[in-house]
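Chemist: Sequence and predicted structure, then a few things I'm wondering about:
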Amino acid sequence: MNYETIKIEKVETACPACEEYAEKHFTNPPRIAVMACEGACAKGEVARMAANLITHQLARENTVRICPGGAFTKDTGQRNLVRMANKTIAVEGCFISCSSRMMKGVLPDLCPVIVQADTLYESSLPFGIDEVPEEELRECARVVAANIVAEHIKKPAATGKTITKKEPTAKNTKSSCCGN
Ligand code: SF4
């Protein structure tokens, strides 16, 4: 495995809303932490919407929403939520798996369940979210969220797997994160 070394400027400040949310949800036993690609493209938007659906509607009692940017760039409440979670689910927009790779950069022992969202819906989405009807994005997110809740939140046995519905290809194949 090759690694890229990055240098992040440390900040002394923190986002109050983010920290307040983290404190409120810092429970014992810890919940399931859900993070997502927060990227700019339509696939990233679907992943983000699915993570929000899971944590704020479908499984709000069992999950907490992680901000990868906050948890990755500073060692405060959001990163602690991931540290303390009994399971972390990464809803990835595409095979790049940005959220899980980022978090493993600061928490090397992290072993998230990686769900490659774009393999769970039929739509072939472009980069620009302005090219896709809002309802199509929502429907894709609903499919992804429902799958994750059924497979990884209501069914506690499954861990550490990449979920793909399509046949694996060079584009969508992703090995289990726990395999390292
Ligand atoms: S290209 Fe991939 S990593 Fe980038 S925003 Fe889209 S889904 Fe996320």
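Modeler: That came through, no problem.

Chemist: make it CA atoms for all contacts and neighbour counts henceforth
Modeler: OK.

Chemist: pLDDT below threshold where in this protein?
Modeler: Across the chain, the ranges flagged by pLDDT under 70 are 156-180.

Chemist: Mind naming the longest helix for it?
Modeler: Counting residues, the longest helix in the chain under DSSP state H turns out to be helix 134-148.

Chemist: can stretch 136-144 be found next to the ligand?
Modeler: No: taking CA under 6 Å from any ligand atom as the criterion, stretch 136-144 and the ligand are apart, separated by no less than 12.8 Å.

Chemist: chain center to that stretch, what's the gap?
Modeler: Centre-to-centre, stretch 136-144 and its host chain are 15 Å apart (CA atoms, centre = their mean, to the nearest Å).

Chemist: Please enumerate residues in contact with that stretch?
Modeler: Stretch 136-144 is contacted by residues 42, 45, 46, 47, 49, 50, 53, 117, 120, 121, 123 when judged by CA atoms under 8 Å, 6 or more residues apart in numbering.

Chemist: Pull out the buried positions in that stretch.
Modeler: Judged by neighbour count using 16 or more other CA atoms under 10 Å, the buried positions of stretch 136-144 are 137, 138, 140, 141, 142, 143, 144.

Chemist: Can you name the residues of this protein sitting close to the ligand?
Modeler: Contact residues (CA under 6 Å from any ligand atom) of the chain with the ligand: 37, 39, 40, 41, 43, 44, 93, 94, 96, 98.

Chemist: Neighbours of the fifth one, how many?
Modeler: Close neighbours of residue 43, defined as other CA atoms under 10 Å, add up to 28.

Chemist: got the angle between the strand or helix carrying it and helix 134-148?
Modeler: Using DSSP states H and E, residue 43 sits in helix 42-53. Helix 42-53 and helix 134-148 meet at an angle of 60 degrees, taking axes from the mean of the first three to the mean of the last three CA atoms, to 10 degrees as the criterion.

Chemist: on contacts alone, who are the packing partners of helix 42-53?
Modeler: With contacts taken as 3 or more CA pairs under 8 Å, 6 or more residues apart in numbering; DSSP states H and E, helix 42-53 sits against strand 32-36, strand 87-92, helix 134-148.

Chemist: Listing partners with orientation, what would you give for the first one?
Modeler: I take that to be strand 32-36. According to DSSP bridges, strand 32-36 forms sheet pairs with strand 63-65 (parallel), strand 87-92 (parallel).

Chemist: For that strand, which outside residues touch it?
Modeler: Contacts of strand 32-36 with the rest of the structure, by CA under 8 Å, 6+ apart, involve 44, 47-48, 51, 55, 62-68, 81-82, 85-93, 99, 153.

Chemist: same deal with the second one?
Modeler: Counting by CA under 8 Å, 6+ apart, the neighbours of strand 87-92 from elsewhere in the structure are 31-37, 44, 47-48, 50-51, 82, 98-100, 111-117, 159.
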